[in-house]
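Novice: The following comprises the amino acid sequence and a computationally predicted model.
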Amino acid sequence: MNESAKPRVGLLVTCLVDLFRPSIGWAAMKLLEDAGCTVEVPPQTCCGQPAYNSGDRILAKDIARRAIETFASYDYVVAPSGSCAAMLAKHYPGLFAGDPVSAAKAKAFAGKVYELAQFLTDVMKVEKVKARLARRATYHDACSGLRELGIAKAPRKLLNGVEGLELVEMAECERCCGFGGTFAVKYAEISTAIADEKIADVKASGAVLLLAGDLGCLMHIAGRLSRRGESVEVRHFAEVLAGMTEEPAICVSRPKRSPGSSA
Amino acid sequence: MSASQFTRDAHRALRNPQLRQALYASRGGFIAKRAAAAARLPEFEALRDNARDIKAHTLAHLDLYLESYEEKVIESGGIVHYARTADEANDIVVSICRRRGAKLVVKGKTMIGEEIGVNAALEANGVVPVETDLGEYCIQVRGEMPSHIIAPAVHLTPKQIAADFRRAHRDLPPTRDLSEGGALLAEARAVLRKKFLSADVGITGANFLVAETGTSIVVTNEGNGDLAATLPEVHVVLASIEKLVPTLEDAGTLLRVLSRSATGQDITVYTTFTTGPRRRGDPDGPEEYHVVLLDNGRAGLFGGEFAEVLRCIRCGACMNHCPVYQTIGGHAYGSVYSGPVGAALTPALVGIENTVDLPNASSFCGACESVCPVRIPLPKLLRHWRERARRIAPARQRFALAVWGFFAKRPAIYRLASRAAVWALARVGREAGHLRALPFAINWTASRDFPAPRSTTFQAQFKQMRRS
């Protein structure tokens, strides 16, 4: 494919990945480039969900307007998060209700927004990624991606192509993990109790690796697992698909460089 | 800052092993049975669309349907009473009882009765109300509120109910065996049968009121709706105005989604249709038939951003699928309507200033909306309540959002500030890979570790890579 025919993708890194887990951003970039896209990362902040879900529509609208401008020139906008992608694709247009010009713009914009796995399988027609990881893993259907964008098959299909990876289903894989954005800190005890139920299902599945597509949920579950001293590893599925698992799992310490090691 | 009543009750619930056990025991069945019922019926999703449209249409023309309904009730010999408030509704019920000299009232299940507190009003006027739905009877014996719309005693274990029955039914032999659910049911049945036969007035709720015929429809699995409607000499239907549907056929459509969504049954064991009092030649039925139509704040929702909550047909599916409800139970919501629909409706009934926690205590997972038979966009409604509640949110929360907003709107400053913050966090947490305590996020780190970030942000790394 020559350069000009390649689709130009603006990567919405998401604020959590930007701040706390850059490896997911790099994995997303590699997957998109391997699939034949030109990827760019325009300066960005956040999709506006914290404001929107806290009831501040004016602030959310302000942030949405900026994001729409930031990504206006790309063929596609792709996010390694079902929740942020759903914010752009499903909620931005509604924010401009009563303002037909902006609403039409937001609607057109929404049409080019995709979650990562969905974009790879549905738009770029990726059948199989080149990656290897010998683990028994289970996939958690993070809520926004599943219910607002219908993402369930795409990540499983891609993960099933990873050599050595055994994907097992846990009970109630579609049940919320209890994160819920600000809910996780406003109602921390309820949020944690829900995480404990998720963890019970993960452990019962026999998986040693938990995968999902939203860093918020992953930080919440990994944070709880770490506090409980459990050994289940937690990662974004993009890291596995991109073969970029040298980064320690979420909340796990980095291996220290010993004097004799070559690393 | 002291914890809110909601938070205190929720925390108490989290530490109540009996409650957690009872909720866990019921949840799997509710979810699996609904899923199986939906899967058995190929047109289920289309029926949900129909159900939504019927309710939306009725609400848009409610004035006409109320008029037609009232006309038909009068034609069939019944009386319609309009009540703007809970107090007005109670006064109407009490005055009917007083006029008849009633001493004992049997009640089929009615959520409106719970909403207006009709039992307390009757008791205050010397009338004894007896709940005849098994779950309602259990919580009446305990002096509790229902914790679920269709399964009011879902928070109880059979063991607790057995202990309550021993306390309440002192005339029965203390040595009797109540270890099986069947024994509890038989005992309640025997106690309640006597009440049915001696009651002066029967009060039922209504799942639907049919405008074209003046019929009220009530669904039960125990037959208590039938008995409460037909045995006493007076039948009082307690219902809110949004229960109207245009035709019997519409009611049929709604019944098809109601029981499947609620309990996973294709149809409930009893579906009771009552139209007016006993007619000449009828073998049984009441002499008087009254309908008390309650508004209690609902009319104020028409045409506004919360109007869709009035489509609710009270199946309870949103509660059964809600991770928050299933973890804390219904009582923590502090309202007879709990779970997602309770959180959307209660602020409209009692004011958002008294219920700030309800719309906020949701992870917005969307499971409720995905199973709602009339497709109420519950997360959207809760978000609208959060918009209303923002003005009265704690100053600390508003301040935090304002600070965050300042940065989120300014990418250049955001980049610098986030790099600095990440750098600092990374230095503290590098060794362990996580942080066990963060002074500005104690609510997170009280129960969860926080992942230590890399030494810099993705955007900074990206910029550096582009440069090299």
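Specialist: Sure, I can see it.
Novice: all helices for the stretch 101-250 of chain A, in order.
Specialist: A:116-118, A:143, A:149, A:153-160, A:183-186, A:188-205, A:215-228, A:237-241 (DSSP state H, counting those that start in this stretch).
Novice: low-confidence ranges in chain B?
Specialist: For chain B, the stretches with pLDDT under 70 are B:1-2.
Novice: count of neighbours near the residue of it found nearest chain A?
Specialist: Distance from chain A to each residue of chain B (C-beta to the nearest C-beta) is smallest for B:Ser363, at 2.7 Å. For glycine as for every other residue, the C-beta is placed from the backbone atoms N, C-alpha and C. Burial of B:Ser363 is recorded as 26 neighbouring residues (other C-beta atoms under 10 Å in any protein chain shown).
Novice: Is it in contact with A:Val185, as I believe?
Specialist: No - if you go by C-beta atoms under 8 Å, B:Ser363 and A:Val185 don't touch, sitting 11.9 Å apart.
Novice: ok, back up a step: got CSV for the helices of the stretch 101-250 of chain A, with distance to B:Ala307 too?
Specialist: Formatted as CSV, the helices of the stretch 101-250 of chain A follow (distance: least, C-beta to C-beta, whole Å):
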stretch, distance to B:Ala307
helix A:116-118, 33
helix A:143, 25
helix A:149, 27
helix A:153-160, 36
helix A:183-186, 26
helix A:188-205, 29
helix A:215-228, 32
helix A:237-241, 40
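Novice: Could you list the residues of the stretch 1-150 of chain A in contact with chain B?
Specialist: Selection of the stretch 1-150 of chain A residues close to chain B by C-beta under 8 Å from any C-beta of the partner chain yields A:13, A:15, A:17-23, A:25-26, A:41, A:43-46, A:48, A:50-57, A:59, A:62-63, A:66, A:70, A:143-144, A:147-148.
Novice: Report the buried members of those.
Specialist: Neighbour counting by 16 or more other C-beta atoms under 10 Å in any protein chain shown classes A:13, A:15, A:17-23, A:25-26, A:41, A:44-46, A:48, A:50-57, A:59, A:62-63, A:66, A:70, A:143-144, A:147-148 among the residues of the stretch 1-150 of chain A next to chain B as buried.
Novice: taking the residues you listed one by one, which sit in helices?
Specialist: The members of these that map onto helices under DSSP state H are A:15, A:17-20, A:22-23, A:25-26, A:50-53, A:57, A:59, A:62-63, A:66, A:70, A:143.
Novice: From the structure, what's the count of residues near the residue lying closest to B:Ser455 once chain neighbours are set aside?
Specialist: For B:Ser455, ignoring the flanking residues on the chain, the nearest one in space by C-beta to C-beta, 6 or more residues apart in numbering or on different chains is B:Ala426 at 4.6 Å. For B:Ala426, the count of nearby residues is 15 (other C-beta under 10 Å).
Novice: For B:Ala426, list the residues it contacts.
Specialist: Residues near B:Ala426 by C-beta atoms under 8 Å, 6 or more residues apart in numbering or on different chains: B:452-456.
Novice: In chain A, which residue is most central in space?
Specialist: By C-alpha atoms, centre = their mean, the mean C-alpha position of chain A lies nearest to A:Ser81, the distance being 2.7 Å.
Novice: Report the contact partners of the residue in the stretch 151-263 of chain A that chain B sits nearest to.
Specialist: Residue nearest to chain B within the stretch 151-263 of chain A: A:Gly180 (2.7 Å; C-beta to the nearest C-beta). Going by C-beta under 8 Å, 6+ apart, A:Gly180 touches A:191, B:362-365.
Novice: mind listing what B:Ala211 touches?
Specialist: Neighbours of B:Ala211 in contact, by C-beta under 8 Å, 6+ apart: B:58, B:65-66, B:68-69, B:72, B:244-247.
Novice: Now with 7 Å, please.
Specialist: The contact partners of B:Ala211, by C-beta atoms under 7 Å, 6 or more residues apart in numbering or on different chains, come to B:65, B:68-69, B:244-246.
Novice: Dump the helices of the stretch 101-250 of chain A into JSON lines; add mean pLDDT as well.
Specialist: JSON lines is the format used below for these (pLDDT from 0 to 100):
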{"stretch": "helix A:116-118", "mean pLDDT": "98"}
{"stretch": "helix A:143", "mean pLDDT": "98"}
{"stretch": "helix A:149", "mean pLDDT": "98"}
{"stretch": "helix A:153-160", "mean pLDDT": "98"}
{"stretch": "helix A:183-186", "mean pLDDT": "95"}
{"stretch": "helix A:188-205", "mean pLDDT": "98"}
{"stretch": "helix A:215-228", "mean pLDDT": "97"}
{"stretch": "helix A:237-241", "mean pLDDT": "98"}
